[in-house]
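Novice: Mind looking at a prediction? Sequence and model below.
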Amino acid sequence: MYVCICNALTDRQIRDAIAGGAQRPREVYAACNCNAQCGCCTGTMLNILREQPPEADRVAVGD
Ligand code: FES
């Protein structure tokens, strides 16, 4: 599903960026080699970030 229309980012790309360590929307954009344009996707991106903590956080929770 497309989350960011301006940059054609899908939820899968965003989840991959988070799994790679992105913790903020701007880090997700950077991981996807793009920048925020209109910002309309930020709320959805934040929801995905809350649902899927970065890999480092998941490891810490598992300890
Ligand atoms: S929809 Fe993502 S920056 Fe516009």
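Specialist: Structure's in. What do you need?

Novice: any idea which element the residue nearest the centre of the chain lies in?
Specialist: By CA atoms, centre = their mean, the mean C-alpha position of the chain lies nearest to residue 14, the distance being 3.9 Å. Using DSSP states H and E, residue 14 maps to helix 11-19.

Novice: what's the answer for residue 46, then?
Specialist: Taking DSSP H and E as the definition, residue 46 sits inside helix 42-51.

Novice: which residues are contacting that helix?
Specialist: Contacts with helix 42-51, where a contact means CB atoms under 8 Å, 6 or more residues apart in numbering, come from 3-4, 11, 14-15, 18, 22-25, 28, 36. (Each C-beta comes from the backbone N, C-alpha and C, glycine too.)

Novice: Show the buried residues in the residues you listed.
Specialist: Buried residues within those, counting neighbours by 16 or more other CB atoms under 10 Å: 3-4, 14-15, 18, 22, 25, 28, 36.

Novice: Just send those back as JSON lines, with pLDDT and distance to residue 44 too.
Specialist: Written out in JSON lines, the entries for the buried ones among the contacts of helix 42-51 read as follows (pLDDT from 0 to 100; distance: CB to CB, whole Å):
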{"residue": "3", "pLDDT": "98", "distance to residue 44": "5"}
{"residue": "4", "pLDDT": "98", "distance to residue 44": "8"}
{"residue": "14", "pLDDT": "97", "distance to residue 44": "9"}
{"residue": "15", "pLDDT": "96", "distance to residue 44": "12"}
{"residue": "18", "pLDDT": "96", "distance to residue 44": "13"}
{"residue": "22", "pLDDT": "96", "distance to residue 44": "14"}
{"residue": "25", "pLDDT": "97", "distance to residue 44": "10"}
{"residue": "28", "pLDDT": "97", "distance to residue 44": "11"}
{"residue": "36", "pLDDT": "96", "distance to residue 44": "13"}
